[in-house]
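J.: Just need the structure, nothing else, for what follows:
(chains A and B)
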Amino acid sequence: QQQVRQSPQSLTVWEGETAILNCSYENSAFDYFPWYQQFPGEGPALLISILSVSNKKEDGRFTIFFNKREKKLSLHIADSQPGDSATYFCAASGGNYQLIWGSGTKLIIKP
Amino acid sequence: DPKIIQKPKYLVAVTGSEKILICEQYLGHNAMYWYRQSAKKPLEFMFSYSYQKLMDNQTASSRFQPQSSKKNHLDLQITALKPDDSATYFCASSQDRGNQAPLFGEGTRLSVL
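T.: As a prediction, the model looks like this:
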């Protein structure tokens, strides 16, 4: 009941398109969902996060859509740029739980 | 300037030896963590500390021992090293444990020969 699942495992889109990365979870107690971006050779960096009281969170080209009933969320990257090529991790926590991490989506943006 | 300092950046060790990975954070955070990342497991939570006390331990092996000598330090001692321990080890911290996204260091890349 603690798992966080991400799909697809890898995704390739053309520059300028919208990339959609999916995440689902099982524990209904989870109420905080950060997304991290990781470039090769670096540590993960917080990109954007959402609380379960919201169904949408935007930050520039990055938008999280959240569906509490279905326990699903997605990260949309609009107008994808080659510099967005990275691995993206979805994570979840609730109350005093430590963060539970998904297995990541490797995103490649083709110019 | 990096706010979470991990030392060394690269480390090569022989099987059976012991190494200590260093982590210091200068953010005034109360919670610190260790994660491991390898080709086999994308990002694996290992330990969490809050106010220098162990809160979570997801590491089955006792060969991995975190050590917190100061509030802003959380080192990781690894004994009897095995080739399977080869991975990048990330230290992270957050203001408090709970619904907070930790900030990560740049990692220590460990290779065990």
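
J.: Chain B contacts on chain A?
T.: Taking C-beta under 8 Å from any C-beta of the partner chain as the criterion, chain A approaches chain B at residues A:31-32, A:34, A:36, A:42-46, A:49, A:87, A:89, A:91, A:93-101, A:103-104. All C-beta spots, glycine's among them, are computed from the backbone N, C-alpha and C.

J.: from these, which would you call buried?
T.: Using 16 or more other C-beta atoms under 10 Å in any protein chain shown as the burial test, the residues of chain A next to chain B include A:31-32, A:34, A:36, A:43-44, A:49, A:87, A:89, A:91, A:93-94, A:97-101, A:103-104 as buried.

J.: and the residue in chain B positioned nearest to chain A, how many neighbours does it have?
T.: With C-beta to the nearest C-beta as the measure, B:Phe104 is the residue of chain B nearest to chain A, at 3.4 Å. B:Phe104 has 22 neighbouring residues, counting by other C-beta atoms under 10 Å in any protein chain shown.

J.: Check it and give its pLDDT.
T.: Here the pLDDT value assigned to B:Phe104 is 96.

J.: Next: B:Arg97.
T.: We have a pLDDT of 80 for B:Arg97.

J.: who's in contact with it?
T.: Listed by C-beta atoms under 8 Å, 6 or more residues apart in numbering or on different chains, the contact partners of B:Arg97 are A:Asn96, A:Gln98, B:Asn30, B:Ala31, B:Ser48, B:Ser50, B:Met55.

J.: check contacts around the residue of chain B closest to chain A.
T.: A:Gly43, A:Pro44, A:Ala45, B:Ile4, B:Tyr35, B:Phe90, B:Cys91, B:Ala92.

J.: Out of those, the closest to A:Leu21 would be?
T.: A:Leu21 lies nearest to A:Pro44 out of those, by C-beta to C-beta, at 14.3 Å.

J.: Now do the same contact list for the closest residue to the closest one other than its chain neighbours.
T.: Of all residues not flanking A:Pro44 in the chain, A:Tyr36 sits nearest, at 3.9 Å (C-beta to C-beta, 6 or more residues apart in numbering or on different chains). Going by C-beta under 8 Å, 6+ apart, A:Tyr36 touches A:Pro44, A:Ala45, A:Leu46, A:Leu47, A:Tyr88, A:Phe89, A:Ala91, B:Ala101.

J.: Can you name the element that comes right after the helix or strand the third one falls within?
T.: Spelled out, that is A:Leu46. Using DSSP states H and E, A:Leu46 falls within strand A:45-51. Next helix or strand after strand A:45-51 toward the C-terminus (DSSP H and E): strand A:56-59.

J.: Does the residue nearest the centre of chain B lie in a helix or a strand, and which?
T.: Nearest to the mean C-alpha position of chain B, counting by C-alpha atoms, centre = their mean, stands B:Trp34 at 3.3 Å. B:Trp34 belongs to strand B:31-37 when assigned by DSSP H and E.
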